[in-house]
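Enquirer: Sequence first, predicted model second:
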Amino acid sequence: MIIVDRPPNFEAIRAAFPSAESEGVIFAYDGDIYNPSGGEIPPMLIAHENVHLARQKALDPHDKSTSRWSGADLWWLQYIENSEFRYHEELLAHAAEFKAHRRSTDRNAGAALLMRTALRLTAPLYNYQPPRTVPEALKDLRHEVQNV
């Protein structure tokens with residue numbers, strides 16, 4: 001479901017990622033996509049967010065009666081605190097976004113789309129420490145797209 005609001009953990013997200021308040025930034029949380037600005041979400045970004053939702057669901061505790069944390073809570077805790085985890089999660093989501101967006105088998109168009117995807121993957125929004133480079137992101141995306 002797409003919800004036009006901020007996710008429940010938005011204050012923690014904003015504290016770690018000040019750019020999270022920017023227009024068009026969307027969030028995956030506990031089965032829903034949160035879209036605070038209310039704009040249209042293209043199918044490629046739905047694919048991106050669905051990766052995050054699936055990864056959150058995979059972290060759900062087996063016995064929810066003994067845990068106060070949902071898979072989304074655990075995922076976001078790691079996402080905020082661990083730059084390596086965050087990069088890996090974004091790499092998977094950006095690879096899915098690339099695959100959903102690629103419509104042509106034209107090599108030049110594919111290379112241009114891969115470059116745009118790598119630029120988004122390395123955007124300051126994600127606050128990677130240390131920062132990731134575009135050549136590193138291109139290499140990682142190529143590998144991930146071939147293996148997915």
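Expert: On my side now, so go ahead.
Enquirer: Output the below-cut-off pLDDT ranges for the chain.
Expert: 63-67, 147-148 (pLDDT under 70).
Enquirer: so what's the most centrally placed residue in it up against?
Expert: A centroid search over the chain (Cα atoms, centre = their mean) returns Glu90, at 4.5 Å, as the residue closest to the centre. Glu90 makes contact with Leu121, Tyr126, according to Cβ atoms under 8 Å, 6 or more residues apart in numbering. (Glycine included, C-beta is placed from N, CA and C.)
Enquirer: what packs against the strand or helix carrying Gly110?
Expert: If you go by DSSP states H and E, Gly110 is part of helix 107-121. Helix 107-121 is packed against helix 83-101, helix 134-147, with contacts defined by 3 or more Cβ pairs under 8 Å, 6 or more residues apart in numbering; DSSP states H and E.
Enquirer: can I get these in TSV with distance to Val4?
Expert: Output for these, formatted as TSV (distance: least, Cβ to Cβ, whole Å):
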stretch	distance to Val4
helix 83-101	21
helix 134-147	30
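Enquirer: Highest mean neighbour count out of the ones you listed?
Expert: helix 83-101 (a mean of 19; mean count of other Cβ atoms under 10 Å).
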